[in-house]
Structures are given as C-alpha cells and as structure tokens.
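*Asks:* Turn this into a structure:
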Amino acid sequence: LPVLSPSGEERGEILIRVQMRRTTTVFSLDVEPSYAHGSLFHLADPKRQLKFQAALDAKNHTPASLSIADIKDLVASHSAAVDQLRAWQAHVEAASTDWFRSSEHKAKADVQPLTTNLHVSYFRLYAGVEPARATVLQGRPRDVEIDVLPGEDLSASTRYMLGHGGGGSRFSLEDLVDLDSPLQVDATYSTVTCGAPTAHGLGLSQFGLVELEDKLLSVESPVESYRCTYALRKAVCMSQALCVLAATFTSQLELVLQKSVPNHEWLLEQWATVGYLIGWESLVSTQGKELHMLSDAWVAIKSLERVQIQLVSHGELTTFAPSPDSDEKYVLQLPLPSPVFGLLPQALQDGRLVGVTSVLFTQGINEMQTLANVVGAVGIALQERINDKCCLALGEYHERLMAVPSLQGMTAQMKHLKLDALSAFIANSNESTMTKKNHRILLEASDDIRRLNGGRVTFCKSGKDRTAMSVTLDQARVVGSLWKHAPMMLQDASAKQDWALLKPVANLMREFGVRIEVAKKNVGQPRYSFNGLQPHYSVLLVKHPLVTKTLTSAALAGIGDVVCQLGVEHADAIDFRRLTVFTAIGGIYIAPLLHVSYGMLNRMFAGISAKAVLQRVAVDQVVLTPAFFVSYFALMQTVSPTDVSIADKLRHDWWPTVQVNWIVWVPAQLINFGFIRPSYQGTTTILFSNVVSLFWNAYMSFVSHPHDGDNDTLPPSHG
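*Replies:* Below you'll find the predicted structure:
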C-alpha cells in the first residue's frame, strides 16, 4: 500500500503479507446426487443402515460441515482408494485366463479381489446292488483294497498327508476316469469351498468390516474417512463373495438341468418365486486375526442379499448393474448357451430376477477357538449373533417356500421339516460357555440347507485343511445316512457308533478324494498342513493308552525335577537318585492312578455341564486329593527313607501340601474338566495335568528345599 504526504506525494509503501494456513469456516458445496444406487457405502444390514442414517441426521452431519483440511484429507484418501481399485481392475483384466488364487497368495496385493482357493467339487453316488456300500467300493482307486471298509488304522499315505512325512507312490485322478462310464450315477452333490472372503492385503490386525460398521454407527470423526475405508474393504470382500455366489449357483443350475439332484423338476420354479438359498459354513475361530476374517465375511455374505441374479442367453450379457426393482440392489447377469437357455421356464427367459437369501453358520473348531472359549473372548458374541440371525433368516425362507401354491408338489414332503433342532443347538451354545464349541450346529445347518435345496459353501482361513476335514465328514455323513437310513448327527448317545461307521469313509475321501489334490495344488505336496506330532501321539494313545500315558507322565515328571534342581534351587549338579525316584513315581504310580481316577470321574459325572464339572472337581479335590497325598508321602518315605517317620511327615507336610494343591489345581481342573471334550478326557487330561505339574513341581521343590538342600521329595501332584 502506498504512503502519501498531505500534498499527495508518494513517500513510501507499507507491505502486508496475509498467509492463510487453514480455516474452519463453513461453506456450501454445489448440490450433487447422493451416493450411487446400491453403493458399497451402505451398511450390510438395511436396519443398521437406517440406524446409521438416523444417527447422522441427529448430529446434523453433512459433507458441507467439513473444514478445508478435512476435505483435503478426504480427497487424498478417496484418490488413493480409486487408484487401488483401478490397479485391481487392471490386474484382473490383464490376467483374464489366470483367476486361481492360491492360499499361498492370501496377502498378495494385486489378487485381493479374487477368492482364495475357490473350488467346486462333485460328490457322486453310483447305483449298485448295494447302493450305499457299492458307491464307495466301486468308486475306489484300484490300489485301495476292499478291506479298508471299514478300516481300523490310517494307511501310510494317510499318515504322510497328516504330517508324518515319508514317501510312497500316489494314485492319479486318471485312475477314476475309467470307472465313471459303466456306472449309473444315482445322485450328485456339489460343494463349493474357498478361503474366507476377507481383505488379507488390507490388514487384519485392527478391524474387519463389522468393527468399521460399529465405528460408523457411533458417528465419531472422521466419519467420511471411515466410510472410504469401509467401501474399499467391502469392495474386496464383496468381489470374493460374488465369485463364490456365481460358482455355487451355476454349479447347482448345471445339476438341475442334468436332473442329477433331488427335486430338480421344482428347483427352477423355487428360485424364480422364492429366491436362491446359499448357505455358508465358517470354520474360522473368534480369536485374533480370524475374528476379523469372520467380521469381513459376515458383512460380505449378508450384502449378497442386495444382489439379484438374472439368467441371459450368451451374447446378451450387459454388465453388473443397479437393479430396476430397487435402488438398494444390483443385478448379476449370468450367461447361458442358447440351447441351455431355451430349457429354462418362460419367466426366467423373460428376465425374471432371482433374489438371494444368504445365511452363514459359524463355529470355530481349532485350538484357538478353545482358547477363546476359555478366556471368554469378546469375539464369541459375534459368532452367537451371526448364528441367531441366520437361523431366523433360514426360518423365514422356509415359511416363504411353504406358502407358494405352485410348489405344493414338492413342499408336501417338507411338512415335517422344522428348524427346532438347529435353534436348540444354537440356544444351548449361547447359554453355556462350556458348550460353545458345538460342531453339531454346522451339521444340522448343512442338513437343513440341503433339505431346502440350497447351495452350500464351506470356508476356513485358506479353504484347505479345516475345510477338507469338514467336506469329507459331510461326504461320509451322506453315505452313512444311506446305510443307516437316517441322518447321522454324531449325538452324544450314538456318537461312538456313528463315528465307527463314518471314520473309514471319511479317511478314504481324505486320502483318495479331491481334497488332497486341492492341498497339493496350493502347497505343492499332497499333504494336509497339520502338526506332525499330534497324529503320531493320537495314534499311540489309541493303540497303547496306558503305556503312552505312563511314559508321558514319567518324562514330564523328570523334566519338572530337572527344572526344579537347576532352575529353582541352582544346584551345582543334578541329583540323579532324586531324579530317578521322581521319574519312576510319575510313571509307575501317578499315571495309572490318574488313568483310573479320571475314568471313574467321567463315568460318575458324565457331560460338560456346569453341574457335572463342579461335581468332578469337588470329588477330585476334596476326596481323592487328600487321600492321594497320604499314599504319596507313605510311598516316598518307604522308597527314600529319612530320619523322619511316616506319621511325622504326614503331620508336618500333609495339610500345607493339600492347601497349596487346591490353590493350583482347583482352577486347573475346572479348565481340564470343563473345556476338554469328554472323548479326550483320560488322554488329553493326563497330558494337561503333567504340563501344569511342571510348574507345580518347581514351586513345591522351591518351598521344600530353599536353603538346606534336603533331598526329601514333595509330590508331583495328584492333579
């Protein structure tokens, strides 16, 4: 600005510099259309979306209320998200003939939209003189002897696949091809398997889609940033889930047109009037990263209900587009060859849209789920919520199906179909912490979905090992149900007999079925990725239970004593006489005693209800433990006599030892009896008790010999 004199003469200048760094001034934006129809920004559940919108309205939250700085950050995050979507799209278009995503590539960035390890398998039952048994015998590879049905032990190649290592020749799938021609197919079951539809490459340590929805519902800043993160993550998970939906629907449509499935004459009418039912079975746990996998999968699976399927003649395919029926839905067009398209009912040829009912039943089955149940992990609530909601959704689909007059010829057979058993399993699992790990939820749900003519999908973390065990069990149940003429639910009353029938069939399918080829396709070797030691130890426990438990108990008792002497007492050298006595007592005396006592307790108080567990712990710790220490001290004074009499030893050490034992072993036994399945008690409980005894022995040695080096040995515990 110029500086002027009174006469108007310019005398100088004043310089003013204004620097605007940021502002919170509210400004208005030009009116633009709302988010696109069927947008990924919408929450999966329409009710939650309405709740979210109401929360935004209550806080008067609009994009116009954002500051310039917030707008700048939001534009940057949206730009990065769009660039990522374009990169994924470019990769898919460039690799249009290579769409398989191995489980080894779960975290690979450019293949995130592709479903992990997606496979469709067909389980065919062949007609024969003895339909069910002939199915397995006629369909076996040439190198499988008839005596394997029913078999007792795993073959060498099965042990190899379960992690034991070793070599040996393997059969080729070509061995089965020549068996298909002369046999008449009686029924065919299709099963789709995959890894969890989740965003591995975007990270799983902090949150999944459910957690992001919860953040959005709280309407906490930065809402728009959360929306962007949610939409990008959901795009990945939805892309994977859509691939699975397309594979499941088309594989079942193929079998319907081939008349290879029950009720094939009714299914197209069912889909046109009631919609397509797809049932998902999840085996992921509710702990750690797998909880966020479940979170992603749940939102993606429920979002499939915003998709409608339209069958079109080949050449008429347009695009994946918004549905004309609703602003909230998409249309997924699936092309068919013209001759096949002409076989469809007229309504479907005219463009009738097929709605989708997508349900998920989940139950973690690995050791991480056991841990989650023990510690009461918060993720269990998500598992319960999913099962509850999907049980209701399945019931609603059943009601709609039964109400269609044109389907009465089929639904007349379903009059007695009820979902009471499934509801009871879910309710029981929700009410009792000790029964949350209930695999029968999955068995009952799979049967109900199959009865309602639904498609089935099974997934775990990578769609390989746990999925293989579930699929082959399901195949064995199909065969076993034909033999038994009743569904095989592995209930407590008949579990042992049912499993004796199913085990050889399941093992046969695991060794010679397609699942081992799927494993080889992913990891390069025909083997399942389980802990190699576990199958070895399990086989030994079955074949030689008492000897195995004795050696285990002796070894762990000896290790515990070495830890005591060197780690706690800091001895200069190991007292081998004391070590020998401790080891011998652990194996010769403790293990057989525990074997008998656990067996007796399980027979007296069967089950894992809270009452049965408390009864076992009470009898074990109040009756058996005090008596055990009397016999133990008497035995020790006899084997390693000292100047102290047995009576004095008991008066001095018996009661304090019992008290300390209760502090350690009452909570340990609550876990032992409450969370280890009855079928494993007497085996796993022995191992569990001895592992706890390592710490028990160290503590007892410390309090018994802190200074004087006395070699009197305190018990490795009755446990």
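*Asks:* wait, isn't Gly315 in contact with Pro335?
*Replies:* Yes - with contact defined as CB atoms under 8 Å, Gly315 and Pro335 form a contacting pair (7.5 Å). To be clear about C-beta, it is placed using only N, CA and C from the backbone, and glycine gets the same treatment.
*Asks:* Point out where the stretch 301-450 of the chain drops to low pLDDT.
*Replies:* 316-328, 367, 370-377, 430-436 (pLDDT under 70).
*Asks:* With neighbour numbers in mind, choose between Gly315 and Pro335.
*Replies:* Pro335 (15 against 8; other CB atoms under 10 Å).
*Asks:* residue contacts, Leu254?
*Replies:* Quick fix: residue 254 is Glu, not Leu. For Glu254, the contact set (CB atoms under 8 Å, 6 or more residues apart in numbering) is empty.
*Asks:* let me fix that: Ser406
*Replies:* With contact taken as CB under 8 Å, 6+ apart, Ser406 is in contact with 269, 273.
*Asks:* repeat for Ala393
*Replies:* Applying CB under 8 Å, 6+ apart to Ala393 gives the contacts 357, 359.
*Asks:* In which helix or strand does it reside?
*Replies:* helix 380-402 (DSSP states H and E).
*Asks:* After that helix, which helix or strand is next?
*Replies:* helix 408-411.
*Asks:* give me the number of residues near the residue nearest to Asn438 when sequence neighbours are not counted?
*Replies:* Closest residue in space to Asn438, ignoring its immediate chain neighbours: Ser429 at 4.6 Å, by CB to CB, 6 or more residues apart in numbering. Here the number of neighbours of Ser429 (other CB under 10 Å) works out to 21.
*Asks:* Ok, Tyr122 next?
*Replies:* Neighbours of Tyr122 (other CB under 10 Å): 14.
*Asks:* what sits opposite it in the beta ladder?
*Replies:* Counting by DSSP bridges, Tyr122 is bridged to Ser190.
*Asks:* That one reaches Ala187, doesn't it?
*Replies:* No - when contacts are counted by CB under 8 Å, Tyr122 is not listed as touching Ala187 (10.6 Å).
*Asks:* what's Leu473 in contact with, if anything?
*Replies:* Leu473 neighbours (CB under 8 Å, 6+ apart): 502, 506.
*Asks:* what about it, distance to Val514?
*Replies:* The gap separating Leu473 from Val514 is 15 Å, by CB to CB, to the nearest Å.
*Asks:* Repeat that for Gln310.
*Replies:* On the measure of CB to CB, Gln310 and Val514 end up 31 Å apart.
*Asks:* Those two: which has the busier surroundings?
*Replies:* The residue with more neighbours, out of Gln310 and Val514, is Val514; 21 against 18, by other CB under 10 Å.
*Asks:* Could you find the closest non-adjacent residue to the more buried one?
*Replies:* Ser121 (5.1 Å).
*Asks:* likewise Leu417?
*Replies:* With CB to CB, 6+ apart, the residue lying closest to Leu417 is Arg451, at 5.6 Å.
*Asks:* And the strands in the stretch 101-250 of the chain?
*Replies:* Counting by DSSP state E, counting those that start in this stretch, the stretch 101-250 of the chain has strands at residues 119-126, 185-195.
*Asks:* Would you mind finding the most buried of the ones you listed?
*Replies:* strand 185-195 (a mean of 21; mean count of other CB atoms under 10 Å).
*Asks:* And the average pLDDT for it is what?
*Replies:* For strand 185-195, mean pLDDT is 89.
*Asks:* what helices or strands is that strand leaning on?
*Replies:* strand 119-126, helix 223-257, strand 455-460, helix 465-484 (3 or more CB pairs under 8 Å, 6 or more residues apart in numbering; DSSP states H and E).
*Asks:* That one vs strand 119-126, what angle?
*Replies:* Between strand 185-195 and strand 119-126, the angle comes out at 160 degrees (axes from the mean of the first three to the mean of the last three CA atoms, to 10 degrees).
*Asks:* quick one: strand 185-195 to helix 465-484, angle?
*Replies:* Using the same axes, to 10 degrees: strand 185-195 against helix 465-484 is 160 degrees.
*Asks:* Tell me what angle strand 185-195 forms with strand 455-460.
*Replies:* Using the same axes, to 10 degrees: strand 185-195 against strand 455-460 is 40 degrees.
*Asks:* Give me the neighbour count for Asp572.
*Replies:* With other CB under 10 Å as criterion, Asp572 counts 7.
*Asks:* element containing it, please.
*Replies:* Using DSSP H and E, no helix or strand contains Asp572.
*Asks:* The residue nearest to Asn438 reaches Arg440, doesn't it?
*Replies:* No - in this structure Ser429 lies outside contact range of Arg440 using CB under 8 Å: 9.1 Å.
*Asks:* so what does the helix or strand hosting Ala500 touch, helix or strand wise?
*Replies:* Ala500 is part of helix 495-512, with elements assigned from DSSP H and E. Using 3+ CB pairs under 8 Å, 6+ apart, the elements in contact with helix 495-512 are helix 156-159, helix 465-484.
*Asks:* Make TSV from those helices and add distance to Leu417 and mean pLDDT to it.
*Replies:* Output for the helices and strands packed on helix 495-512, formatted as TSV (distance: least, CB to CB, whole Å; pLDDT from 0 to 100):
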stretch	distance to Leu417	mean pLDDT
helix 156-159	37	39
helix 465-484	16	89
